[in-house]
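Engineer: sequence unavailable; structure follows:
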């Protein structure tokens, strides 16, 4: 397993990452191991219980097989304990990371201030985040994505927390494989494209935005997000990584950029955190912003139809409900081909892009089937 | 130091059938497990540093033999910890005992 380890000096993927003390590192490793225990040791037993309950039930006798199985699982005490521990492990993650980040507040502010002058940052003090961001803190991160702590702390929590949460599967401490994969998709399908301007919608701390500067060094790269702390951190992080990115605080549903002002507009795992209306607006906005012939790429987690057993759907639904991702089901069962055409795209395709583990040097592979979680990502793309 | 970030997420959906005390107890056990694991790692670091610095032999802890005074003090520490940890069990057993009526119908 790549990602965190206790070897001193291994943390420094970039100077903005919050480095844990001796005790904080052990605490974060404990949370990581706890999450692995919950998902890889306790959950498989629940899966076996679910499969035992549904064995031989080939005929669908209910309109809601997922809800029905969930109700039956609720009769088992260990199911509820597993679910409680799963959520508590997530709360412990943010607690451990938040404590470590808060301790380094002054140092992080100094490191942000010392970043080389590259790109730009535009914050909007009057900005109102959408309801789907503020009504429930996504992934249980206290304060949520839109929190403005006045500095870079929430961004630092998101970065370090993501590295712990992802268990190293999304590009280690850089957490950037989704961005690389979305851009790999644009190269796979639209080899002729020479983008001058690129926009990442819902960029967060810029983990998926910075890769655009590696794939297309000649392009001007922008990122928008709802969180001021996220964006301050994103800008400092990008500058320390030598990437010139222009970050601005805006809703991905409606930005201030003029019509037809970008060649590539992309998003990474944003749609399932928004509402259905929000997702449709983001697709429409990505269309509005593209020059004729420009390309939109929207990357998501695997869609529902790729799920195997009923248990996988129950498990994912629990994740959505108790990890505050209420729009998960709608986003993962949407007809993206139709949604993209409705948004005005042509040459629309949906499928799975192989994860670009090697960045811009990665082999390019796109097809109709998933290689599995973290080995490929669902993408939908089209031309303006 | 006052926390500069919020500690609790907005919206925690209730888990059906779970009592609040179940979740609280679980959360405390997870937190204690975290504390114990961190403490154990810190102790391990101390031992390794002491050995590396030549201040103690690698088998110094395993071969440590406390004298009578130390043994007595260490027993006191053990029992104090046990009283603290298992106080609730003693309390509730004593309370149940106190609620059993005696032969004359009165509560003892």
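Structural biologist: Nice, I can see it. Everything quoted here is computed from the prediction, not taken from an experiment.
Engineer: residues from the stretch 101-250 of chain A in reach of chain B?
Structural biologist: By Cβ under 8 Å from any Cβ of the partner chain, the residues of the stretch 101-250 of chain A that approach chain B are A:101-103, A:105, A:134-137, A:140-144, A:147, A:149, A:153-154, A:157. Any C-beta I mention is one placed from the backbone N, CA and C, and that applies to glycine too.
Engineer: okay, the spatially most central residue of chain B and residue B:78: tell me how far apart.
Structural biologist: Central residue of chain B (Cα atoms, centre = their mean): residue B:85, 6.0 Å from the mean position. Residue B:85 is 11 Å from residue B:78, where distance means Cβ to Cβ, to the nearest Å.
Engineer: do the same with residue A:22
Structural biologist: 28 Å.
Engineer: check residue B:95 too.
Structural biologist: 26 Å.
Engineer: try residue B:100
Structural biologist: Relative to residue B:78, and taking Cβ to Cβ, residue B:100 is found at 32 Å.
Engineer: repeat for residue A:318
Structural biologist: Taken as Cβ to Cβ, the span from residue A:318 to residue B:78 is 42 Å.
Engineer: just want to know which of the two has more residues nearby.
Structural biologist: Neighbours around residue A:318 and residue B:78, counted as other Cβ atoms under 10 Å in any protein chain shown, are more numerous at residue A:318. The numbers are 20 against 10.
Engineer: any idea which element residue A:200 lies in?
Structural biologist: strand A:197-201 (DSSP states H and E).
Engineer: name the residues that touch stretch A:68-75?
Structural biologist: A:46, A:49-50, A:53-54, A:62, A:79-80, A:310-311, A:314, A:317-318, B:16-17 (Cβ atoms under 8 Å, 6 or more residues apart in numbering or on different chains).
Engineer: which ones among these map onto helices?
Structural biologist: Secondary structure from DSSP state H places A:46, A:49-50, A:53-54, A:79-80, A:310-311, A:314, A:317-318 of the contacts of stretch A:68-75 in helices.
Engineer: which helices and strands sit right next to the helix or strand of chain A with the lowest mean pLDDT?
Structural biologist: The helix or strand of chain A with the lowest confidence, counting by mean pLDDT, DSSP states H and E, is helix A:328-332 at a mean of 84. Contacts defined by 3 or more Cβ pairs under 8 Å, 6 or more residues apart in numbering or on different chains; DSSP states H and E place helix A:328-332 against helix A:276-288, helix A:310-322.
Engineer: contact partners of the last one?
Structural biologist: Looking back up the chat, that one is helix A:310-322. Residues from elsewhere that reach helix A:310-322, judged by Cβ under 8 Å, 6+ apart: A:43, A:46-47, A:50-51, A:54, A:65-66, A:69-70, A:73, A:83, A:86-87, A:304, A:307, A:325-326, A:328-329, A:332, B:13, B:15.
Engineer: are any of those residues buried, and which?
Structural biologist: A:43, A:46-47, A:50, A:54, A:66, A:69-70, A:73, A:83, A:86-87, A:304, A:307, A:325-326, A:328-329, A:332, B:15 (16 or more other Cβ atoms under 10 Å in any protein chain shown).
Engineer: the top helix by length along chain B: which residues count as buried?
Structural biologist: Identified as the longest helix of chain B according to DSSP H is helix B:20-52. Applying a neighbour-count criterion of 16+ other Cβ under 10 Å, one finds B:23, B:26-27, B:30, B:34, B:37-38, B:41 buried in helix B:20-52.
Engineer: can I get these in CSV with pLDDT and distance to residue A:237?
Structural biologist: Output for the buried residues of helix B:20-52, formatted as CSV (pLDDT from 0 to 100; distance: Cβ to Cβ, whole Å):
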residue, pLDDT, distance to residue A:237
B:23, 91, 35
B:26, 93, 35
B:27, 94, 32
B:30, 95, 31
B:34, 95, 28
B:37, 96, 30
B:38, 96, 28
B:41, 95, 29
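Engineer: those residues also near chain A: which ones?
Structural biologist: Answer for the buried residues of helix B:20-52 near chain A (Cβ under 8 Å from any Cβ): B:23, B:26-27, B:30, B:34, B:37-38, B:41.
Engineer: circling back: make JSON lines from the ones in helices among the contacts of stretch A:68-75 and add distance to residue A:188 and pLDDT to it.
Structural biologist: As requested, those are exported to JSON lines (distance: Cβ to Cβ, whole Å; pLDDT from 0 to 100):
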{"residue": "A:46", "distance to residue A:188": "38", "pLDDT": "94"}
{"residue": "A:49", "distance to residue A:188": "41", "pLDDT": "94"}
{"residue": "A:50", "distance to residue A:188": "37", "pLDDT": "94"}
{"residue": "A:53", "distance to residue A:188": "42", "pLDDT": "92"}
{"residue": "A:54", "distance to residue A:188": "38", "pLDDT": "89"}
{"residue": "A:79", "distance to residue A:188": "42", "pLDDT": "95"}
{"residue": "A:80", "distance to residue A:188": "44", "pLDDT": "94"}
{"residue": "A:310", "distance to residue A:188": "33", "pLDDT": "91"}
{"residue": "A:311", "distance to residue A:188": "33", "pLDDT": "93"}
{"residue": "A:314", "distance to residue A:188": "34", "pLDDT": "93"}
{"residue": "A:317", "distance to residue A:188": "32", "pLDDT": "90"}
{"residue": "A:318", "distance to residue A:188": "34", "pLDDT": "93"}
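Engineer: which residue is nearest the middle of chain A?
Structural biologist: residue A:269 (4.3 Å).
Engineer: contact partners for that one?
Structural biologist: A:178, A:299-301.
Engineer: below-threshold pLDDT in the stretch 101-250 of chain A: ranges please.
Structural biologist: A:167-168 (pLDDT under 70).
Engineer: one more pass at 90, please.
Structural biologist: The model of the stretch 101-250 of chain A has pLDDT under 90 over residues A:162-175.
Engineer: show me where it has strands.
Structural biologist: Assigned by DSSP state E, counting those that start in this stretch, the stretch 101-250 of chain A shows strands spanning A:120-122, A:197-201, A:220-225, A:245-249.
Engineer: present those as TSV; the columns should include distance to residue A:36 and mean neighbour count.
Structural biologist: As requested, the strands of the stretch 101-250 of chain A are exported to TSV (distance: least, Cβ to Cβ, whole Å; neighbours: other Cβ atoms under 10 Å in any protein chain shown):
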stretch	distance to residue A:36	mean neighbour count
strand A:120-122	36	14
strand A:197-201	30	27
strand A:220-225	29	26
strand A:245-249	33	23
